[in-house]
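# please find the sequence and the predicted model below.
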There are 2 protein chains.
Amino acid sequence: MTRIVCRQLAPTLGDLPGNHRQILRVIEEETSAGTDVLVLPELVTSGYVFETVDEVDACAITPHDPLVSEWAAAIRGGSVVILGFAERGEDGLFYNGAMLLDAGGVLATYRKAHLWDDEKRFFTPGSQPPPVVETRFGRIGFMVCYDFEFPEFPRRCALEGAELIAVPTNWPLVRRPEGERPPEWHLAQAAARVNRVVIACCDRTGTERGQQWTEGTAIFDQYGWLASAASSSAGALADAEGAEHRAEYEADLAATRDKSFNPNNDLFGDRRPELYL
Amino acid sequence: MTRIVCRQLAPTLGDLPGNHRQILRVIEEETSAGTDVLVLPELVTSGYVFETVDEVDACAITPHDPLVSEWAAAIRGGSVVILGFAERGEDGLFYNGAMLLDAGGVLATYRKAHLWDDEKRFFTPGSQPPPVVETRFGRIGFMVCYDFEFPEFPRRCALEGAELIAVPTNWPLVRRPEGERPPEWHLAQAAARVNRVVIACCDRTGTERGQQWTEGTAIFDQYGWLASAASSSAGALADAEGAEHRAEYEADLAATRDKSFNPNNDLFGDRRPELYL
């Protein structure tokens, strides 16, 4: 079994040193307590609500930054960490980046390919699909926030063998009818179910320049059921006591490899790609 | 506004004349009462739980069957009906079929492309994608049950301009954790939201050879919210009094054509097909 944890942090806008210390502390805390796969939010190094490119410039880092080495050094045992960061490209451009690292360093990086709203003012969209990384816990795919609203992306990861899809996010709070879960949960539940993969979405907290967040951090099992939710604001199964800002789920990732429903049906075997656009 | 109604009927296995009378009655009832788009279940002419091919043979019809003309003749005004039927192909094979008809007759037919479990013993899978039909109410795409569990299918319909996707279904009842909606609802909510289309799923009722159904008939608006649900067994927003076995929603289908979220984001414009498999 693989212990997956999402920590719904509140980065401080532009405060790279402070955010770095928070990341370092949480990595140490979780990986020394037996968390196998730790997922942190989108742009957890920088915050989100930028107003100028200079603000991004002031806190963007490359994946080779010494801070990243400190994170890797803080990882206990064989644990794996996925987080989002404001990336300074070697081309001088900025990207809404994400990385997967273990104690040995960065195993894969990714640049958000579908940019949301004002992100387009600050970031260049990535040109590569989401990575699927072989780890000691199984194959982990990852992407960032709005990427996940394109079902082609989780599908692609799953077809490439992902058993877990980690999604660092910053979900701006949207109104929803009473009794409804956050809209992104439906997307996650559907993506988990149609691909039979575990999905771990790590949202953020901490109002920033007036922007509130869904605080919808949640982990879904491979049948699409809500397995763990961090925050009471996200409703449904949340446990207001103790569960705040942290979701944890012990997943049987190997079980996701079996895509059959019954002797006659297999989720992937039944696909008809020749009929898809 | 377009009044969409799903009627969660209970066909009788193999009783084509009886099922025909039920279909006729419901078409007359609904279309004379102002229903614009009526959706009926999968295999509503025949029932579902076949044990032999002979049973299918005994009640399969072609889209040119005189019964179909009676249905068309029963449609009042400009209403449109979508239903599932056991189809006798001109090739001598059987298909899990669906059709869209109005008072003038059949406008489009479809053969289920993704077959579920024992259906593979009785039916041949279709070789065409789901149709998207221009009607006086807007563009309507339709598919059958398990088809809908492949997100490529609703995506395809939406990219081809569907404003409403109608899904005749027979959802076998599956266990779900307390507090969870039927799994198919998450898929529908996600498909509605990522494609900004209205989705009307018409399930069936009436235990057949011991098989129970989800009775999960529901209509979802283009933001993925549950707009109307037929049966109390499907949980959440169902109204046990009066709402049984019927879902109704007045949809603004023209509004689904606007795929924008904000001046910077458009659901379809933001797609990155070059990164999809």
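Arrived safely, thanks for sending. As the structure is a prediction and not an experimental result, all values here were calculated from the model.

# now do the contacts for A:Tyr276.
B:129, B:150, B:152-153, B:155-156 (Cβ atoms under 8 Å, 6 or more residues apart in numbering or on different chains). Where you see a C-beta, it was placed from the backbone N, CA and C, and this is true even at glycine.

# same thing but at 10 Å, please
A:152, A:155, B:129, B:150-153, B:155-156, B:276-277 (Cβ atoms under 10 Å, 6 or more residues apart in numbering or on different chains).

# ok, now A:Trp171?
A:Trp171 neighbours (Cβ under 10 Å, 6+ apart): A:41-42, A:116, A:145-146, A:148, A:182-185, A:201, A:203-204, A:212-217, A:234.

# circling back to that earlier point, which of the contacts of A:Tyr276 has the most neighbours?
Within those, most neighbours by other Cβ atoms under 10 Å in any protein chain shown means B:Phe153, with 26 neighbours.

# if we can go back for a sec, just give me the closest of the contacts of A:Tyr276 to A:Pro17.
A:Glu152 (37.9 Å; Cβ to Cβ).

# the closest one and B:Glu152 touch, don't they?
Yes. Between A:Glu152 and B:Glu152 a contact is recorded at 8.3 Å, counting by Cβ atoms under 10 Å.

# now, which of the contacts of A:Tyr276 sits nearest B:Ala162?
B:Arg156 (8.7 Å).

# packing partners for the host helix or strand of that closest one?
Using DSSP states H and E, the element containing B:Arg156 is helix B:152-159. Applying 3 or more Cβ pairs under 10 Å, 6 or more residues apart in numbering or on different chains; DSSP states H and E, one finds that helix B:152-159 contacts helix A:152-159, strand B:132-135, strand B:138-142, strand B:164-168, helix B:183-195, strand B:198-202.

# tell me which of these sits nearest to A:Asn262.
Nearest of the helices and strands packed on helix B:152-159 (Cβ to Cβ): helix B:183-195, 15.2 Å.

# what packs against that closest one?
helix A:183-195, helix B:152-159, strand B:164-168, strand B:198-202, strand B:218-220, strand B:226-229.

# redo the ones you listed as JSON lines? Include distance to A:Ile4 and mean pLDDT.
Converted to JSON lines, the helices and strands packed on helix B:183-195 look like this (distance: least, Cβ to Cβ, whole Å; pLDDT from 0 to 100):
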{"stretch": "helix A:183-195", "distance to A:Ile4": "13", "mean pLDDT": "97"}
{"stretch": "helix B:152-159", "distance to A:Ile4": "28", "mean pLDDT": "98"}
{"stretch": "strand B:164-168", "distance to A:Ile4": "33", "mean pLDDT": "99"}
{"stretch": "strand B:198-202", "distance to A:Ile4": "31", "mean pLDDT": "98"}
{"stretch": "strand B:218-220", "distance to A:Ile4": "30", "mean pLDDT": "97"}
{"stretch": "strand B:226-229", "distance to A:Ile4": "29", "mean pLDDT": "95"}
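
# which of these sits closest to B:Arg175?
helix A:183-195 (14.1 Å).

# poorly predicted segments of chain A, please.
A:231-244 (pLDDT under 70).

# hmm, back to that, with distance to B:Gly18 as extra columns, can I get the contacts of A:Tyr276 in a markdown table?
As requested, the contacts of A:Tyr276 are exported to a markdown table (distance: Cβ to Cβ, whole Å):
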| residue | distance to B:Gly18 |
| --- | --- |
| A:Glu152 | 44 |
| A:Arg155 | 42 |
| B:Pro129 | 33 |
| B:Phe150 | 33 |
| B:Pro151 | 36 |
| B:Glu152 | 37 |
| B:Phe153 | 32 |
| B:Arg155 | 38 |
| B:Arg156 | 36 |
| B:Tyr276 | 46 |
| B:Leu277 | 46 |
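
# how about stretch A:56-72: buried residues?
A:56, A:59-61, A:65, A:67-68, A:71-72 (16 or more other Cβ atoms under 10 Å in any protein chain shown).

# any part of it near chain B?
No. When contact is scored as Cβ under 10 Å from any Cβ of the partner chain, no part of stretch A:56-72 falls within range of chain B; the minimum is 16.5 Å.

# ok now that stretch, how far from the chain's centre?
18 Å (Cα atoms, centre = their mean, to the nearest Å).

# stretch A:112-126 now?
The answer for stretch A:112-126 is 16 Å, by Cα atoms, centre = their mean.

# could you do stretch A:76-89 as well?
10 Å.

# could you say which helix or strand holds A:Val26?
Going by DSSP H and E, A:Val26 is part of helix A:16-32.

# ok, back up a step: B:Ala227: which of the buried residues of stretch A:56-72 is nearest?
A:Val56 (40.5 Å).

# for the closest one, give me its contacts.
A:14, A:43, A:46, A:50, A:86-88, A:94-96, A:119, A:121-123.

# of the residues you listed, which belong to helices?
A:119, A:121-122 (DSSP state H).

# now restrict those residues to buried residues only.
A:119, A:122.

# could I get the ones in helices among the contacts of A:Val56 in CSV, plus columns for distance to A:Tyr249?
Shown next, in CSV, are those (distance: Cβ to Cβ, whole Å):
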residue, distance to A:Tyr249
A:Glu119, 29
A:Arg121, 36
A:Phe122, 33
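
# restrict the ones in helices among the contacts of A:Val56 to those near chain B?
A:119, A:121.

# between the ones in helices among the contacts of A:Val56, which is closest to A:Gly161?
A:Glu119 (29.1 Å).

# looking at it, that closest one is touching A:Arg111, isn't it?
No. Using Cβ under 10 Å, A:Glu119 is not in contact with A:Arg111; the gap is 11.5 Å.

# between these two, what contacts are shared?
Common contacts of A:Glu119 and A:Arg111, defined by Cβ under 10 Å, 6+ apart, comprise A:94, A:96, A:125, A:144.

# okay, and which of those residues map to strands?
A:94, A:96 (DSSP state E).

# quick one: strands adjacent to whichever helix or strand comes after the helix holding A:Val26?
Moving toward the C-terminus from helix A:16-32, the next helix or strand (DSSP H and E) is strand A:37-39. Under the criterion DSSP bridges, strand A:37-39 sits next to strand A:2-7 (parallel), strand A:80-88 (parallel) in its sheet.

# okay, the ones you listed, which one's buried deepest?
strand A:80-88 (a mean of 27; mean count of other Cβ atoms under 10 Å in any protein chain shown).

# got the buried residues for the helix holding A:Val26?
So, applying 16+ other Cβ under 10 Å, buried residues of helix A:16-32: A:16, A:19-20, A:22-23, A:26-27, A:30-31.

# and for stretch A:258-277?
A:259, A:265, A:267, A:270-272, A:275-276.

# any idea how far apart the tips of it sit?
26 Å (Cα to Cα, to the nearest Å).

# in space, what's closest to A:Pro130 - neighbours in sequence excluded?
A:Met143 (4.1 Å; Cβ to Cβ, 6 or more residues apart in numbering or on different chains).

# and the one you found, how many residues sit next to it?
26.

# that one is in contact with A:Pro154, isn't it?
Yes. Using Cβ under 10 Å, A:Met143 is in contact with A:Pro154, at 7.7 Å.

# which of the three states applies to the nearest residue to A:Arg139 once chain neighbours are set aside?
Nearest non-adjacent residue to A:Arg139, counting by Cβ to Cβ, 6+ apart: A:Gly161, 4.7 Å away. With DSSP: H, G, I helix; E, B strand; the rest coil as the basis, A:Gly161 sits in coil.
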